[in-house]
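> Okay, predicted coordinates and the sequence, questions at the end:
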Amino acid sequence: MNASGTFPVRGFSGGRGQSFRWFTVCFVALAALTAMTFILARGQVLRVVCEVPGASVVVDQAHGMNVSRPPESTALPEPVVFDRVPLGTRRVTVSHLEYFDLEGSVFVTPFATATAEIRLTEKPVPLVVLASAPTNVSIDGLAVGRTEKGQLKTEVRRGQHHVSLRASGYYDVDMDLVCSLYSPPVVRADMRPTPEQARLIEIANVAFAQYLSAATTLYQNEQYQAALRQLNSALELRPDSPDGLRLKSRLEEALTIPR
C-alpha cells in the first residue's frame, strides 16, 4: 500500500492513460483473435472463372464439398462462386463434354477472395471420309491424307469446315459441313469419273473379268501355278476384289498341300 492508501497494479503504474492503452491493446488483440477464429470456422470465398458456358466446376471432389454449374444460356458465363471454402490448398476440377477436363490447385487465404482462372482445351471431333475411288482429302485448304481401302479417318475442331476431295480421272468434290462431338460427321463421296476415266475403267473391268475367269478355270483343272499367274494379273487391276481374294486363298492353300 502506498501513501495514498491504494495498491499499485503491476503493468499499470503509468496512470489512467497507460491503463487505457493497455486496455485498447488487449481489446484489439481479442477482436483480431475473434475475427480470425470466425474466418477459420466460416472459411472464405472462392471464385472460379472459365470461358466455357455450361462447364461443371467441382471443388475438392474427393471430399464431396460442393458442385456448381453456371447457366447453359450464358454467352459469357459469370464466375462460379463458392462460399465457406476451408482455408488452404483446394483442388478445382472443371469439365465439359466438348473439352478435356482440367484439374488444378488454388490456395485460399484468410483475408482475400481466391480466384482460379481456367482455360479448357477443346476435344477434337473425329471425321471419317468414305470415297469410291482413291482420293486426296483436304480440309480448309490443308491436305490431311489419302483414302486407303475407300476411307480416311482424321480429326478436326468443332464448327464449320470445307472439305475438298481430289482424285485423278474423277470430277472434284467440295462440300461444307458442321462438325460436333454430339454427332461426329461422316463424308460419303461417290466419285464420278471423267469420260476418259470411265472408258479406262470399262477396259480394266473387262480385262479383270477375263483374268479371273482364266484363273478359275485353271484352278478347277488343278493347274495351280498357271492359275496364280492369271489371278495376280487380275488383282493388279482390282486389288480389293472379294472374288479374287477368295480364289487366291484357295490357291495358296492348294499349293501348300504336298502332292
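That came in fine, so what should we check first?
> contacts and neighbour counts: CA atoms only from here.
OK.
> List the contacts of residue 108.
Residues in contact with residue 108 (CA atoms under 8 Å, 6 or more residues apart in numbering) are 44, 46, 85-90, 114.
> Look up how far residue 191 lies from it.
61 Å (CA to CA, to the nearest Å).
> List the residues that contact residue 159.
When the contact criterion is CA under 8 Å, 6+ apart, the partners of residue 159 are 178-180.
> Over to it: give its phi and psi.
With angles defined as degrees, to the nearest 10, residue 159 shows backbone torsions of phi 120, psi -170.
> Can you name the residues bridging to it?
Each beta-bridge partner of residue 159 is listed here: residue 179, as defined by DSSP bridges.
> With the one 4 residues further on instead?
According to DSSP bridges, the residues that bridge with residue 163 are residue 139, residue 175.
> What about it, how many residues nearby?
Residue neighbour count, defined by other CA atoms under 10 Å, stands at 19 for residue 163.
> now the one 3 residues further on
Other residues near residue 166 number 18, with proximity taken as other CA under 10 Å.
> and what of residue 92?
Summarising burial for residue 92: neighbours were counted as other CA under 10 Å, giving 18.
> what mean pLDDT does the host helix or strand of it have?
Secondary-structure element containing residue 92, defined by DSSP states H and E: strand 88-96. Taken as a whole, strand 88-96 carries a mean pLDDT of 84.
> quick one: the strands in the protein?
Listed in chain order, the strands of the chain (DSSP state E) span residues 44-50, 56-59, 66-68, 80-85, 88-96, 99-108, 114-118, 125-131, 136-139, 142-146, 151-156, 159-166, 173-179, 186-189.
> What about residue 101, how many residues nearby?
The number of residues near residue 101, taken as other CA under 10 Å, comes to 16.
> Distance of it relative to residue 115?
According to CA to CA, residue 101 stands 19 Å off from residue 115.
> For PyMOL, write the select line for the buried members of the contacts of residue 159.
Filtering the contacts of residue 159 down to the buried ones (16 or more other CA atoms under 10 Å) takes a single PyMOL command:
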select buried, resi 179+180
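> I'd like the contacts of residue 159 written out as CSV, with distance to residue 228 and pLDDT added.
Conversion of the contacts of residue 159 to CSV gives the following (distance: CA to CA, whole Å; pLDDT from 0 to 100):
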residue, distance to residue 228, pLDDT
178, 48, 92
179, 47, 91
180, 48, 89
